[in-house]
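Visitor: predicted model, plus sequence, below.
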Amino acid sequence: MLTNFILLFLLSGLPYYLYLEKNKKLSYEKIFFLSAFLVASGMALLALSHQEVSIVVVIVVFITSLISLYKANKTTNLYKLSYYILFFNAPMLLMFELKASILYGISLLFTLVGLYLMGKYYERHYGSANYQPVTGITLVTPYAGFFLTIYLTSLALYPPFPNALFFFNAILSSDTSLLWYLIVLVIFFGNFLIAVRVMAKTVFGKPNHNVHYIDLSTKEKTIHYTMFLILLILSILGFQEVLS
């Protein structure tokens with residue numbers, strides 16, 4: 001009973017909706033890392049407890065994930081988008097078999113850290129992590145567009161990115177029910193629609209040597225290439241899971 005209550009607290013996003021959203025003292029950045037810590041703690045508890053999760057917990061987490069889906073499709077702030085997507089995907093950590101759940105959660109967290117770092121880039125160069133107000137040729141930055149596209153494509157559950165591989169492999173290895181089918185379909189199409197919406201409202205383009213671009217710094221490129229490499233390694237693990 002206690003384990004189920006703790007999982008509900010860690011994975012539902014309720015601490016955010018009941019307190020953090022109304023608390024103006026914490027920045028969006030701090031909320032993202034706190035949310036990631038809560039979800040990672042929930043994953044650790046799942047791995048250690050080996051206890052069957054109550055259907056009530058699953059339903060409540062799913063309901064709050066629908067709220068997160070609504071908010072994710074309303075925001076243009078990359079920080080907020082990161083933790084809304086995290087809350088939205090939380091039901092998968094409860095619905096999948098343990099190993100598949102942990103792998104999917106790790107892949108999701110790395111992808112969202114990448115999205116968060118793109119929010120840092122937007123804020124530093126354009127004054128805000130909101131991507132929609134940034135228009136015109138200054139946004140046509142080849143590396144920024146490339147990495148943002150990678151993270152959004154990974155979130156949209158396109159193979160060969162690890163999010164998709166772990167997601168589909170988990171489907172093959174999990175016990176199913178009517179509620180399971182409902183949640184899996186909502187999460188799959190929800191992730192796709194969130195990513196497509198952001199892509200459609202973000203300006204991309206090819207570099208023009210006659211234009212001065214405010215692109216990613218060498219340090220930022222190194223960090224994002226490292227994130228990309230981690231996603232590739234996770235993809236290899238995902239392929240191994242599919243083939244095993």
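Guide: Great, that's in hand.
Visitor: per-residue confidence for the closest residue to Val58 other than its chain neighbours?
Guide: The shortest distance from Val58 to any residue other than its chain neighbours is 5.2 Å, reached at Leu94 (Cβ to Cβ, 6 or more residues apart in numbering). Every C-beta, even on glycine, is put in place using the N, C-alpha and C of the backbone. Leu94 carries a pLDDT score of 91 in this model.
Visitor: secondary structure element for Leu94?
Guide: helix 78-95 (DSSP states H and E).
Visitor: please name the residues that touch the closest residue to Lys120 other than its chain neighbours.
Guide: Closest residue to Lys120 apart from its sequence neighbours, by Cβ to Cβ, 6+ apart: Ala129 at 7.4 Å. Residues near Ala129 by Cβ atoms under 8 Å, 6 or more residues apart in numbering: 28, 77-79, 119-120, 122-123.
Visitor: go again using 10 Å as the cut-off
Guide: Residues in contact with Ala129 (Cβ atoms under 10 Å, 6 or more residues apart in numbering) are 28-29, 75-82, 116, 118-123.
Visitor: likewise for Ala200?
Guide: Ala200 touches nothing, counting by Cβ under 10 Å, 6+ apart.
Visitor: and it, how far from Asn73?
Guide: 12 Å (Cβ to Cβ, to the nearest Å).
Visitor: could you do Ile31 as well?
Guide: 19 Å.
Visitor: look at those two and report which has more neighbours.
Guide: Using other Cβ atoms under 10 Å, the more surrounded residue of Ile31 and Asn73 is Ile31, with 19 against 15.
Visitor: skipping its backbone neighbours, what lies nearest the more buried one in space?
Guide: Leu20 (5.4 Å).
Visitor: check contacts around that neighbour.
Guide: 13-14, 26, 30-31, 34-35, 83.
Visitor: for the protein, which helix extends over the most residues?
Guide: helix 98-126 (DSSP state H).
Visitor: the helix or strand following that one: which residues count as buried?
Guide: The C-terminal neighbour of helix 98-126 among helices and strands, as given by DSSP H and E, is helix 142-155. Going by neighbour count (16 or more other Cβ atoms under 10 Å), the buried part of helix 142-155 is 143-145, 147-148, 150-155.
Visitor: what of stretch 48-57?
Guide: 53-54, 57.
Visitor: hmm, who's touching that stretch?
Guide: By Cβ under 10 Å, 6+ apart, the list of residues contacting stretch 48-57 reads 1-9, 11-12, 45-46, 60-61, 91, 93-95, 98, 177, 179.
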